[in-house]
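Asks: sequence-free structure coming up:
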Ligand SMILES: [Cu+2]
């Protein structure tokens with residue numbers, strides 16, 4: 001018990017020293033597919049954040065990452081959630097309507 005408490009205290013101290021004391025909680029953003037476009041694309045994301053994709057259009061759409069990190073295919077009124085698993089710039093598009101494009105910026 002005492003050893004556990006000591007270990008926990010040590011970890012807290014180490015986290016404080018290394019600047020990791022306050023890991024930021026993951027956030028969830030909603031991107032809406034409407035009028036043949038993506039609306040509400042967040043300007044910046046962090047690894048671990050989620051995006052809930054909502055198809056509010058009358059057409060089927062996808063959100064397909066060019067780097068393969070996600071690919072959601074949604075009929076009208078459907079939705080799905082993806083997690084940002086790695087940092088970087090991720091371009092995405094709709095496989096049915098190549099003119100529909102967007103870009104995500106994910107920080108580490
Ligand atoms: Cu589409």
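Replies: Yep, that arrived. Everything numeric here is computed off the predicted structure, so don't read it as measured data.
Asks: From start to finish, how long is stretch 68-83 in a straight line?
Replies: 13 Å (CA to CA, to the nearest Å).
Asks: what is the mean pLDDT for that stretch?
Replies: Across stretch 68-83, pLDDT averages out at 98.
Asks: Look up how far residue 90 lies from residue 31.
Replies: 12 Å (CB to CB, to the nearest Å). Every C-beta, even on glycine, is put in place using the N, C-alpha and C of the backbone.
Asks: and if you look at residue 60?
Replies: 22 Å.
Asks: neighbour-wise, which of the two wins?
Replies: residue 90 (19 against 16; other CB atoms under 10 Å).
Asks: so what's the more buried one up against?
Replies: Residues in contact with residue 90, defined by CB atoms under 8 Å, 6 or more residues apart in numbering, are 65-67, 69, 84, 103-106.
Asks: tell me which element it is part of?
Replies: strand 88-93 (DSSP states H and E).
Asks: and what of residue 38?
Replies: Using DSSP H and E, the element containing residue 38 is strand 37-39.
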